[in-house]
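Undergrad: Just the structure for this:
(chains A and B)
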Number of protein chains: 2
Amino acid sequence: MSKLMKIDKSKKFLIVGLGLLGGCYAMALKKKGYYVSAITKNEEDIEFAYQKGIIDKGSTTVEKDIIENADVIVFALYPHTFVEWIKQYGNLIKEGTVITDVTGVKGCVVYEIQSMLKEGVEFIAAHPMAGREVSGVQNSDDKIFKDANYIVVPTENNTFGAIELCKELGEILGFARISVLNPEKHDEMIAFLSQLTHCIAVSLMCANDNPGLVLYTGDSFRDLTRIAKINDEMWSELFLLNREALLTEMEKYRKTFDKLYDCIRNNDREEMRSMMRISTERRGEFNKKEG
Amino acid sequence: MSKLMKIDKSKKFLIVGLGLLGGCYAMALKKKGYYVSAITKNEEDIEFAYQKGIIDKGSTTVEKDIIENADVIVFALYPHTFVEWIKQYGNLIKEGTVITDVTGVKGCVVYEIQSMLKEGVEFIAAHPMAGREVSGVQNSDDKIFKDANYIVVPTENNTFGAIELCKELGEILGFARISVLNPEKHDEMIAFLSQLTHCIAVSLMCANDNPGLVLYTGDSFRDLTRIAKINDEMWSELFLLNREALLTEMEKYRKTFDKLYDCIRNNDREEMRSMMRISTERRGEFNKKEG
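TA: Numbering: from 1, shown residues only, chains lettered A, B, ... in the order given. This next block holds a predicted model:
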């Protein structure tokens, strides 16, 4: 991959793993007029995608033909399944193919995958920061990309061409903001912004078993715990794969939580108000960029 | 107050404190055709309310006439201001008047106010669980009551008639659900559902000072920190007035957060998944009742 590869309309995409995100990719790419094929476990997901018109070809088995026919392959699998897949079938990918992914953690996946691929096949990692509290291609909707962030996560092994192509893919998919981070910075950021928030929501739901609370719930509790409905298989894997970064962020957060606890215990109103003012000011920044 | 007092259209309301919530009360009551007067500090708030047509009469000073003219007085003040007001002007309230409030904590206020009132004036506490991240009558909008909870908080000193009247007021204001809790249960519930969530959001915003995070924020972080924009004067007062209950809830939450932390540190995937499943199941209950 030394020359720039632009994503013109002749480029063919293969999605491996037609779940919620894979389905969103297929949907967005088909709308823009690209050829999209898919490999996924369940026949019914292929059937659904055909009927919805979001794929041109589908298979529940890994065939040489469908892989060789693709210019860009998007892996939308759980991290360990992604690694297993490349181990087993990576040699079927033809030279000149660019592969990318949607994995929510990077350091533990990117280097390993890159080291397994043969010369001429390039893996450029990406993290589409979009999702829903439901799963499956049946719930796919590419609207979730509209206001969302897309992060390209290159290593030193990546070429300029592949990084540009991956950015272009983010644009084609319809993301609002596209940025670039290295795997380590990405994992640190995701530990704070995404994984820690899920830890908080889960802990809060586990802290009180009074079902009567439903009667009195306000919006603040509902908003805060929206993500407490969580896919335990996927998130436990993501947490453990990003263990060190997540533990660090949990410790930092626990320190400020404990500081606030001490303020309340010690009737230290001034210190408490100072924390609230910092919080208000910082959250204001996030609002500005929302629109 | 031995006989049932129904809120027919001849009843006159006085709102003391024309801020965000006081303004919402005025708005909702005027729409239903009631006479509404208001006492508040700033002339401009009175002016605004007149122009909006949400009050019939307003005053920036506490006058005997306007107080005696009211059948129901709603106090929409900070807790300590409410107590001060009753100390100073409580004797002006005529016999047969029912007073109620919007205060977010109850135990520390209700008994004290009830003990200060003269015979024939009854205070029945209420907590409208609705709000916005902005303040002032200029931001009032009675739509915030539409899907919200309204809690009547009687003590043993309250009459059946006043409790029923207060429930009826909740209906007139347009609340979705009206319930009854004693002050102690109310404060325990509010410590968990509302105060703890605000503590979490503030702590999370204080835990990381990297402004670059804005670029990568997803919906989960935004939803979780919406309430991190916080009125530090009001909330620090509410936290300290409900100190014991809040500290207890903070400790319970801190325990489950630590348990999850230990699962991650010890690679205990099964225990982590079990917490996530409890969380998912409980949060599902909250969803059902939402619509």
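
Undergrad: hang on, residue A:127 packs against residue A:103?
TA: Yes. Between residue A:127 and residue A:103 a contact is recorded at 7.0 Å, counting by CB atoms under 8 Å. Heads up, the C-betas are built off the backbone N, CA and C, glycines and all.

Undergrad: So chain A: which segments form each domain?
TA: Chain A is divided into the following domains under automatic domain parsing: A:12-181, A:186-288.

Undergrad: what's the average pLDDT for the last one?
TA: Spelled out, that is domain A:186-288. Averaged across domain A:186-288, the pLDDT comes to 93.

Undergrad: what about residue A:259, how many neighbours?
TA: Neighbour count of residue A:259, defined by other CB atoms under 10 Å in any protein chain shown: 16.

Undergrad: Now do the contacts for it.
TA: Neighbour list for residue A:259: A:271, A:275, B:203, B:206 [criterion: CB atoms under 8 Å, 6 or more residues apart in numbering or on different chains].

Undergrad: Take the residues you listed and keep only those in helices.
TA: Among the contacts of residue A:259, DSSP state H puts A:271, A:275, B:203, B:206 in helices.

Undergrad: Excluding chain neighbours, give the residue nearest to the first one in space.
TA: Translated: residue A:271. Excluding its sequence neighbours, the residue lying closest to residue A:271 (CB to CB, 6 or more residues apart in numbering or on different chains) is residue A:263, at 4.8 Å.

Undergrad: Okay, and that neighbour sits in which element?
TA: Per DSSP states H and E, residue A:263 falls inside helix A:243-265.

Undergrad: Now do that helix against helix B:243-265, angle only.
TA: 170 degrees (axes from the mean of the first three to the mean of the last three CA atoms, to 10 degrees).

Undergrad: buried stuff in helix A:243-265?
TA: For helix A:243-265, burial by neighbour count (16 or more other CB atoms under 10 Å in any protein chain shown) applies to A:245-246, A:249-250, A:252-254, A:256-257, A:259-261, A:263-264.

Undergrad: Surely residue A:285 touches residue B:214?
TA: Yes. At 6.0 Å, residue A:285 counts as touching residue B:214 under the criterion of CB under 8 Å.

Undergrad: between those two, who's got more neighbours?
TA: Between residue A:285 and residue B:214, counted using other CB under 10 Å, the more crowded position is residue B:214 (18 against 12).

Undergrad: now the helices for the stretch 1-150 of chain A?
TA: Using DSSP state H, counting those that start in this stretch, the helices of the stretch 1-150 of chain A run over A:20-31, A:43-52, A:64-68, A:79-89, A:107-116.

Undergrad: quick one: average pLDDT of the last one?
TA: It stands for helix A:107-116. For helix A:107-116, the mean per-residue pLDDT is 96.

Undergrad: what does the shortest one give?
TA: Here the mean pLDDT over helix A:64-68 is 96, rounded to a whole number.

Undergrad: Let me see the contact set for residue A:91.
TA: Taking CB under 8 Å, 6+ apart, we find residue A:91 in contact with residue A:118.

Undergrad: cutoff 10 Å now
TA: Neighbouring residues of residue A:91 by CB atoms under 10 Å, 6 or more residues apart in numbering or on different chains: A:64, A:116, A:117, A:118, A:121.

Undergrad: What degree of burial does the closest residue to residue A:41 other than its chain neighbours show, as a neighbour count?
TA: Distance criterion CB to CB, 6+ apart; nearest residue to residue A:41, sequence neighbours excluded, is residue A:60 at 6.3 Å. Applying other CB under 10 Å, we find 15 residues neighbouring residue A:60.

Undergrad: Quick check, residue A:60 in contact with residue A:49.
TA: No. Assessed by CB atoms under 10 Å, residue A:60 is found out of contact with residue A:49, at 11.7 Å.

Undergrad: residues shared between the contacts of these two?
TA: Residues within reach of residue A:60 and of residue A:49 at once, by CB under 10 Å, 6+ apart, are A:18, A:38, A:40.

Undergrad: Between these, which sits nearest residue B:108?
TA: Nearest to residue B:108 out of the shared contacts of residue A:60 and residue A:49 is residue A:18 (CB to CB; 56.7 Å).

Undergrad: With adjacent residues omitted, what lies nearest to the closest one?
TA: Closest to residue A:18 by CB to CB, 6+ apart is residue A:40, at 3.8 Å.

Undergrad: how close does that neighbour sit to residue A:80?
TA: Using CB to CB, to the nearest Å, one obtains 17 Å as the distance from residue A:40 to residue A:80.

Undergrad: okay, these two: which has more neighbours?
TA: Neighbour comparison, residue A:40 and residue A:80: the larger count goes to residue A:40, with 23 against 12 (by other CB under 10 Å).

Undergrad: Report pLDDT for that one.
TA: Residue A:40 is assigned a predicted lDDT (pLDDT) of 98.

Undergrad: Now do the same contact list for it.
TA: Residue A:40 neighbours (CB under 10 Å, 6+ apart): A:15-19, A:22-23, A:46, A:49, A:55, A:58-60, A:76-77, A:137.

Undergrad: Just the strands from the stretch 151-291 of chain A, written as ranges.
TA: A:177-180 (DSSP state E, counting those that start in this stretch).

Undergrad: Residue A:231: what's it in contact with?
TA: By CB under 10 Å, 6+ apart, the residues touching residue A:231 are A:20, A:78, A:131, A:133, A:134, A:135, A:237, A:238, B:276, B:280.

Undergrad: so the fourth one touches residue A:235, yeah?
TA: This means residue A:133. No. Using CB under 10 Å, residue A:133 is not in contact with residue A:235, being 11.7 Å away.

Undergrad: Now for those two: what residues contact both?
TA: residue A:227.

Undergrad: Quick check on those two: which one has the bigger neighbour count.
TA: Shown here are residue A:133 and residue A:235; by other CB under 10 Å, residue A:235 has more neighbours (20 against 15).

Undergrad: circling back: ok, so of the ones in helices among the contacts of residue A:259, who is nearest residue B:224?
TA: Using CB to CB, the ones in helices among the contacts of residue A:259 come closest to residue B:224 at residue B:203, 11.1 Å.

Undergrad: Just give me the neighbour total for the closest one.
TA: Here the number of neighbours of residue B:203 (other CB under 10 Å) works out to 24.

Undergrad: can you check residue A:28 too?
TA: By other CB under 10 Å, the residues close to residue A:28 number 23.

Undergrad: Also residue A:220?
TA: 23.

Undergrad: same question, the one 4 residues further on
TA: When neighbours are counted by other CB under 10 Å, residue A:224 registers 27.

Undergrad: Show me what residue of the stretch 1-150 of chain A gets nearest to chain B.
TA: Among the residues of the stretch 1-150 of chain A, residue A:129 lies closest to chain B, at 4.5 Å counting by CB to the nearest CB.

Undergrad: Give me the number of neighbouring residues for that residue.
TA: By the measure other CB under 10 Å, the count of residues near residue A:129 is 25.

Undergrad: If it is in a bridge, with which residues?
TA: Taking DSSP bridges as the rule, residue A:129 bridges to residue A:149.

Undergrad: on that earlier part again, want to throw the domains of chain A into JSON lines with distance to residue B:141?
TA: Listed next are those as JSON lines, based on distance: least, CB to CB, whole Å:
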{"stretch": "domain A:12-181", "distance to residue B:141": "24"}
{"stretch": "domain A:186-288", "distance to residue B:141": "14"}
